[in-house]
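A.B. asks: kindly generate the corresponding structure for this input.
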Amino acid sequence: MGSRLPSTKMSSGWLMIKAATLSILVLLSLSSPFLGAMDIDLSKVWLFDSIEHKIFFELRLPRLMLSFFSGVILALSGWLFQTLFRNALMTPFTLGISGGAILGTGIAVVLGINSIVAGVALTGLFGFAGALFSVILLLWLSRYIVHRGSSSLLLLGIALSFFFSAALMVLFSLASAMQSHAILHYTMGSLSTMGYGESLSIAFLSLLLLAVLYIKRFELALLAINDDHARLKGVDTRRLTYTLLLVSSLAIGVLVSITGPIGFVGLIIPHMVRKLYPKANHQLIIPTALFGGLFLSACDTLSRLPQLQSDIPIGIVTAFIGGPFFIYLIIKGK
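C.D. replies: Next comes the predicted model:
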């Protein structure tokens, strides 16, 4: 009896921590549509011709959808990269996908291509094209790597990230003051949206990524041990790695082309979920998706507190939270 008491207290303590964490994230997320630069009268939200109805249903609800499903993509991609590369510090942007998307958008801004065709902003298409180009370039260059291990692919992605950053600096030197400001604002990340077009696109991609990872969860469990063990079990590790990288990178590319880069979500959430739910890694896919969506929605709520005169870019909020967490992981060696 005496030996079971500490364990019981510890388990009840973890349950309280889980419940408190989840409650805070849910509370902040659900309050998001009711916060903003303009206070809305809740009694007029359901009046179709009122400004409150338009603000609530055309601006704030789509923004909540966009933030939640963006968090799902970022968290799942972070979980996937950490699993594939067996590296606790991997993020969705390590392979240069974000850098390619930012560079593509910057090119569109400098060239003055900012029109909208069929409801789609051409700057967003350029951003997606940049992300897609970085994926194709990464997979093509990986064919010439002598030792095709995950570390080699990781180093290749880091090299591409430096190249895209240098190219972006060239664009800054060529751009006008207004264009430089537009590129700088984009690199801070934003979840502002109007209507449900962008939100539904991100929702579809997040559900697609979730479905692919869930279907491949047992193969990923084998791959997380090591490549040789997975091959002995009949897993085509190379095809699996490239397929999952392509799917997740395309999801990230579309996301970054719409919202700009939002860092650290893919780093924080997988570690948080592993700490709160000490289960097998392949059993954490759905909790990771849920916590990722709630975390980014909560961060978006914090960026739009009524006391603030304007929205804080979402990338800054996640960086303030993720930066110290990143340092903690490095110092602790975990």
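
A.B. asks: shaky segments in the stretch 101-250 of the chain?
C.D. replies: Scanning the stretch 101-250 of the chain for pLDDT under 70 picks out 114-121, 146-151.

A.B. asks: how about the helices of it, start to end?
C.D. replies: 122-142, 150-174, 177-187, 197-215, 217-225, 227-232, 237-259 (DSSP state H, counting those that start in this stretch).

A.B. asks: now the ones you listed as JSON lines including mean neighbour count?
C.D. replies: Quick note: C-beta positions are derived from backbone N, CA and C, even for glycine. Shown next, in JSON lines, are the helices of the stretch 101-250 of the chain (neighbours: other C-beta atoms under 10 Å):
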{"stretch": "helix 122-142", "mean neighbour count": "20"}
{"stretch": "helix 150-174", "mean neighbour count": "15"}
{"stretch": "helix 177-187", "mean neighbour count": "15"}
{"stretch": "helix 197-215", "mean neighbour count": "18"}
{"stretch": "helix 217-225", "mean neighbour count": "18"}
{"stretch": "helix 227-232", "mean neighbour count": "14"}
{"stretch": "helix 237-259", "mean neighbour count": "22"}
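
A.B. asks: out of those helices, nearest to Arg63?
C.D. replies: Taking C-beta to C-beta, helix 197-215 is the member of the helices of the stretch 101-250 of the chain nearest to Arg63, at 7.8 Å.

A.B. asks: quick revisit: out of the helices of the stretch 101-250 of the chain, which is closest to Trp79?
C.D. replies: Of all the helices of the stretch 101-250 of the chain, helix 197-215 comes closest under C-beta to C-beta, at 7.8 Å.

A.B. asks: which of the helices of the stretch 101-250 of the chain sits closest to Tyr277?
C.D. replies: helix 217-225 (14.7 Å).

A.B. asks: just checking, what packs against the closest one?
C.D. replies: Under the contact criterion of 3 or more C-beta pairs under 8 Å, 6 or more residues apart in numbering; DSSP states H and E, helix 217-225 touches helix 61-85, helix 227-232, helix 237-259.

A.B. asks: before we move on, back to that, could you export the helices of the stretch 101-250 of the chain as a markdown table, including distance to Ile316?
C.D. replies: As requested, those are exported to a markdown table (distance: least, C-beta to C-beta, whole Å):
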| stretch | distance to Ile316 |
| --- | --- |
| helix 122-142 | 20 |
| helix 150-174 | 18 |
| helix 177-187 | 11 |
| helix 197-215 | 21 |
| helix 217-225 | 33 |
| helix 227-232 | 38 |
| helix 237-259 | 13 |
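
A.B. asks: closest one to Ala20 among those helices?
C.D. replies: Ala20 lies closest to helix 197-215 among the helices of the stretch 101-250 of the chain, at 25.6 Å (C-beta to C-beta).

A.B. asks: what lies in contact with that closest one?
C.D. replies: Applying C-beta atoms under 8 Å, 6 or more residues apart in numbering, the contact partners of helix 197-215 are 62-63, 65-66, 69-70, 72-73, 76-77, 79-80, 119, 193, 220, 244, 247-248, 250-251, 254-255, 258, 285-286, 289.

A.B. asks: send me that helix as PDB with only the CA atoms.
C.D. replies: C-alpha atoms of helix 197-215 as PDB (Å, rounded to 0.1, in the frame of the first residue of the first chain):
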ATOM      1  CA  GLY A 197     -11.500  30.200 -48.800                       C
ATOM      2  CA  GLU A 198      -8.000  30.200 -47.200                       C
ATOM      3  CA  SER A 199      -9.200  28.600 -44.000                       C
ATOM      4  CA  LEU A 200     -10.900  25.700 -45.800                       C
ATOM      5  CA  SER A 201      -7.800  25.100 -47.900                       C
ATOM      6  CA  ILE A 202      -5.600  24.900 -44.800                       C
ATOM      7  CA  ALA A 203      -8.200  22.700 -43.100                       C
ATOM      8  CA  PHE A 204      -8.200  20.300 -46.000                       C
ATOM      9  CA  LEU A 205      -4.400  20.100 -46.100                       C
ATOM     10  CA  SER A 206      -4.200  19.600 -42.300                       C
ATOM     11  CA  LEU A 207      -6.800  16.700 -42.400                       C
ATOM     12  CA  LEU A 208      -4.900  15.200 -45.400                       C
ATOM     13  CA  LEU A 209      -1.600  15.300 -43.500                       C
ATOM     14  CA  LEU A 210      -3.300  13.900 -40.400                       C
ATOM     15  CA  ALA A 211      -4.800  11.000 -42.400                       C
ATOM     16  CA  VAL A 212      -1.500  10.100 -44.100                       C
ATOM     17  CA  LEU A 213       0.400  10.100 -40.800                       C
ATOM     18  CA  TYR A 214      -2.200   8.000 -39.100                       C
ATOM     19  CA  ILE A 215      -2.200   5.500 -41.900                       C
END
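
A.B. asks: and that helix with helix 217-225, angle?
C.D. replies: Angle, helix 197-215 to helix 217-225, by axes from the mean of the first three to the mean of the last three C-alpha atoms, to 10 degrees: 70 degrees.

A.B. asks: one step back: can you put the helices and strands packed on helix 217-225 in CSV and add distance to Leu184?
C.D. replies: Below are the helices and strands packed on helix 217-225 laid out as CSV (distance: least, C-beta to C-beta, whole Å):
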stretch, distance to Leu184
helix 61-85, 20
helix 227-232, 41
helix 237-259, 15
